[in-house]
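Q: pasting the sequence and the predicted model now:
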Amino acid sequence: MSAFKQICRARLSGRQGVQFWREYERLQAVSRRRHTGSFRHFHAISGVHKCRDKCPSGQRHTTISVGPAEAGLAANVTEPHRIPGRPQKPGETMRAIILAAGAGTRMRQLTQKRPKCLVAVGERPLLDIQLDALRGAGVEDIVVVVGFEAKQVRDHCGPGVRYVVNEQWQTTNSIFSLYQAARWLEGERVFLFNCDILFDRRLLVRLLEHRGSSIAVDSRAARLEGEMNVRVDDDGVVRAIGKHLDPATTTAVSVQLAAFDASGAQQVRTELERLVYDDERDAFPTSAYGPLVAAGGMAAIEAGDLPWAEIDTVEDYERAVAQVAPRLLG
């Protein structure tokens, strides 16, 4: 059995003793209690940031001045910093996971020295446009999965987001990047998308307005062989999604921007773990939507009237700069 399968089996079996594996390292076993405690401690000191500025209890901070948790505690500030945006409902948890580990090899002339997510589309890096759109819609808990040039992404974004590292980014697909962030697939609303999707903030609002799980689609776009096509029924329910579908049998193209409610996120997480355990590391994240789609639990949200683009090639990039970026509502 491969080391990769051993770690997955240990995670799924629930036995006493979780095995860790990292590239170029041997397997080592540690107790489950120590494993859990270590991760809680890690996220307590590196994943939580406090605002350095004092703010009256119960009010939102209006300035951006964040630092490590220790800095906030030293300043006697205990409230997490909140960026003004769409007010969250009491108890509501909204999160976004951005998959940004790839090298963007089909755009090599633009990505030789920087990751694709930091390529400027117009005047701003693509990732900045995405982060601004999320925060403008009230999504503040953001997880970015990094790999290629991970340090550049960390240095650029700073402490305002969480980071998960896919150390095997050279040999795995985006489904494995999502697997690295599987623990964050929970909450009342979880957005998921790749770093190469340029979209309008109004699309996030549409996804938020739908109570259940959903995915943005464009019924106006040309459906081509090998693209992420979608079959939607007359009630607006997604019945199939994937690059394997015959374009003639589909009704829309996926924008590859999905939103899950708590139940949908759990179903995706369960299927994701199964796929990775079966060593299907070359699959796409949409493969993990299978059970949710089969149960009729994913709605299609129309995006054809809004500006958006998937930037895979230099040609895609040039079109996005000329035709899409100028039409965006931040």
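A: On my side now, so go ahead. Numbers count the residues shown, from 1 in each chain.
Q: every contact and neighbour count from this point should use C-alpha atoms.
A: Will do.
Q: how about Ala103, nearest residue that isn't a chain neighbour?
A: Of all residues not flanking Ala103 in the chain, Phe148 sits nearest, at 5.5 Å (CA to CA, 6 or more residues apart in numbering).
Q: report the contact partners of that neighbour.
A: 101-103, 115, 169 (CA atoms under 8 Å, 6 or more residues apart in numbering).
Q: widest-spaced pair of those?
A: Pro115 and Trp169 (12.3 Å; CA to CA).
Q: show me which of those two is the more surrounded one.
A: Pro115 (25 against 18; other CA atoms under 10 Å).
Q: tell me the spacing between that one and Ala100.
A: The spacing between Pro115 and Ala100, counted by CA to CA, to the nearest Å, is 8 Å.
Q: strands along the stretch 51-200 of the chain, start to end?
A: For the stretch 51-200 of the chain, the strands defined by DSSP state E, counting those that start in this stretch occupy 66-68, 94-100, 120-121, 124-125, 141-146, 162-165, 189-194, 197-199.
Q: direction included, what does the fourth one pair up with?
A: In other words, strand 124-125. According to DSSP bridges, strand 124-125 forms sheet pairs with strand 120-121 (antiparallel).
Q: what's in contact with the strand it pairs with?
A: Contacts of strand 120-121 (CA under 8 Å, 6+ apart): 126, 317, 320-321, 325.
Q: what does stretch 267-277 give?
A: Contacts for stretch 267-277 (CA under 8 Å, 6+ apart): 5, 8-9, 175-176, 179, 182, 185, 281, 285, 287-292.
Q: list buried residues within the residues you listed.
A: 8-9, 175-176, 179, 182, 185, 281, 285, 287-292 (16 or more other CA atoms under 10 Å).
Q: what's the farthest-apart pair in these?
A: Arg9 and Leu292, at 23.5 Å, using CA to CA across the buried ones among the contacts of stretch 267-277.
Q: quick one: low-confidence ranges for the stretch 51-200 of the chain?
A: 51-92 (pLDDT under 70).
Q: number of residues surrounding Gly147?
A: Neighbours around Gly147, by other CA under 10 Å: 22.
Q: picking that back up, out of the contacts of strand 120-121, which are buried?
A: 126, 317, 320, 325.
Q: now those in a markdown table, with distance to Val205 and secondary structure?
A: A markdown table is the format used below for the buried ones among the contacts of strand 120-121 (distance: CA to CA, whole Å; DSSP: H, G, I helix; E, B strand; the rest coil):
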| residue | distance to Val205 | secondary structure |
| --- | --- | --- |
| Leu126 | 19 | helix |
| Tyr317 | 25 | helix |
| Ala320 | 21 | helix |
| Ala325 | 18 | helix |
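Q: ok, those residues vs Leu306, which is closest?
A: Using CA to CA, the buried ones among the contacts of strand 120-121 come closest to Leu306 at Ala325, 11.3 Å.
Q: check contacts around the closest one.
A: Here Ala325 is in contact with 121-122, 198, 307 (CA under 8 Å, 6+ apart).
Q: cutoff 10 Å now
A: 121-124, 126, 129, 198-200, 307-309, 319 (CA atoms under 10 Å, 6 or more residues apart in numbering).
Q: ok, and the most crowded of the residues you listed?
A: Going by other CA under 10 Å, Phe199 tops these with 26 neighbours.
Q: name the nearest residue to it, sequence neighbours excluded.
A: Trp308 (4.4 Å).
Q: likewise Ala240?
A: Nearest to Ala240 is Arg231, by CA to CA, 6+ apart, at 5.0 Å.
Q: isn't that neighbour right up against Gly242?
A: Yes. Contact status for Arg231 versus Gly242: in contact at 9.2 Å, counting by CA atoms under 10 Å.
Q: more neighbours, these two?
A: Counted by other CA under 10 Å, Arg231 and Gly242 do not tie: Arg231 has more neighbours, with 24 against 20.
Q: gap between stretch 218-237 and the chain center?
A: Its chain's C-alpha centre and that of stretch 218-237 lie 22 Å apart, by CA atoms, centre = their mean, to the nearest Å.
Q: swap in stretch 145-156?
A: Centre to centre, stretch against its chain (CA atoms, centre = their mean), the figure for stretch 145-156 is 15 Å.
Q: run through the strands of the stretch 201-330 of the chain in chain order.
A: 213-218, 229-232, 238-242, 252-260, 298-302, 308-310.
Q: closest one to Leu192 among the ones you listed?
A: strand 252-260 (5.3 Å).
Q: model confidence over that closest one, on average?
A: The average pLDDT within strand 252-260 is 98.
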